[in-house]
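Trainee: Next come a sequence and a model predicted from it.
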Amino acid sequence: MSFGPQAAERLTNKIILITGASAGIGESTAWDYAKASNGEIKLILTARRIERLESLEKDLSTQFPQIKILTKQLDVSNLKDIESFFQSLPTEFQDIDILINNAGKAHGVDKIGTIKQEDIDVMFQTNVLGMISMTQHVLPIMKQKDSGDIVQLGSIAGRDPYPGGGIYCATKAALRSFTHSLRKELIDTKIRVIEIDPGNVETEFSNTRFFGDLEKAKKVYQGTEPLIAKDISDLIVYTTTRRSNTVIAETLIFSTNQASASHLYRKTD
Ligand code: 8X3
């Protein structure tokens, strides 16, 4: 997707902070912002896997020599890490314009009553507490200048809970509720709160959910044609490059063969 000269102009010199930027939707979002702005932006790329971020930084800088990138190892499930991340931001990266709250994960498909406490903790700490803390840190910066975009990566899971997703769905419902409160609280500002709720997207999401069991992960998408990370990153860049008075408050995005969390058409041979 080409975003055109207007999008490039609107993005010029913006500082964009992406969590979970080492792969999937986060990585694709970094590329799409670089392309849409012709490299005239500053990217703060965070994730747990610093080597992957560094290699992404190298690739982006080769293609867009003028781009400014800061890579930082950050596990958003660790609130102390978030604290020191913000404290250590160099001045030229402090004035954040766009926050992409992308980091999130599912652990397991256990039924309620058998879910391991550590899985419950990691999902809530990452998808909810980490996301809230990132937003809390960035909001005063945006309020100060009365502008900015906060993009919340929700999920169909937050609207349409399914068996085996008791915790993951609850975290995404929490994100959705938090996001709606936030938008209402910011009614007298120019800050835009944008929620994007994807259905099935083939990324490392299912590998993580099944703890690296690739066979199980593959089955999730078998016989379907899921979305890809680029479908979501296109939408992220699109929503954040609209006229400043326009907020695409929420979008539900499916592949053509999905209609709800459980209505998924599978072709069988
Ligand atoms: C991922 C979508 O339905 O696999 O957020 O949980 S789903």
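Mentor: That came through, no problem.
Trainee: mean confidence for the longest helix belonging to the chain?
Mentor: Counting by DSSP state H, the longest helix found in the chain is helix 166-185. Averaging pLDDT along helix 166-185 yields 98.
Trainee: Go through that helix and flag the buried ones.
Mentor: 166-176, 178-179, 182-183 (16 or more other Cβ atoms under 10 Å). Placement of C-beta: from N, CA and C, glycine included.
Trainee: Out of the residues you listed, flag the one nearest to E195.
Mentor: Using Cβ to Cβ, T179 comes nearest to E195 of these, at 4.9 Å.
Trainee: How about the contacts made by the residue of the stretch 51-200 of the chain found nearest the ligand?
Mentor: Nearest to the ligand, among the residues of the stretch 51-200 of the chain, is S155, at 3.1 Å (Cβ to the nearest ligand atom). S155 is in contact with G104, Y168, C169, K172, D197, P198, G199, counting by Cβ atoms under 8 Å, 6 or more residues apart in numbering.
Trainee: could those residues go into CSV alongside distance to L129?
Mentor: Output for the contacts of S155, formatted as CSV (distance: Cβ to Cβ, whole Å):
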residue, distance to L129
G104, 12
Y168, 15
C169, 17
K172, 14
D197, 20
P198, 22
G199, 25
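Trainee: does stretch 170-181 come close to the ligand?
Mentor: No: contact of stretch 170-181 with the ligand (Cβ under 6 Å from any ligand atom) is absent, the minimum separation being 6.6 Å.
Trainee: can you tell me the distance between the two ends of stretch 93-113?
Mentor: Stretch 93-113 has its terminal residues 45 Å apart, counting by Cα to Cα, to the nearest Å.
Trainee: quick one: buried residues of that stretch?
Mentor: Buried residues in stretch 93-113 (16+ other Cβ under 10 Å): 93, 95-109.
Trainee: Distance from it to the middle of the chain?
Mentor: 6 Å (Cα atoms, centre = their mean, to the nearest Å).
Trainee: If you average the pLDDT over it, what comes out?
Mentor: Mean pLDDT, stretch 93-113: 98.
Trainee: Could you pull out the strands in the stretch 151-269 of the chain for me?
Mentor: Using DSSP state E, counting those that start in this stretch, the strands of the stretch 151-269 of the chain run over residues 191-198, 250-253.
Trainee: neighbouring strands for the first one, and are they parallel or not?
Mentor: Same thing as strand 191-198. strand 148-153 (parallel), strand 250-253 (parallel) (DSSP bridges).
Trainee: So for this structure, the centremost residue is which one?
Mentor: Centroid-nearest residue in the chain, with Cα atoms, centre = their mean: N102, separated by 1.8 Å.
Trainee: okay, and for the stretch 101-250 of the chain, where does confidence drop off?
Mentor: Along the stretch 101-250 of the chain, no part satisfies pLDDT under 70.
Trainee: So which bits of it are right by the ligand?
Mentor: S155, I156, A157, G165, G199, N200, F205.
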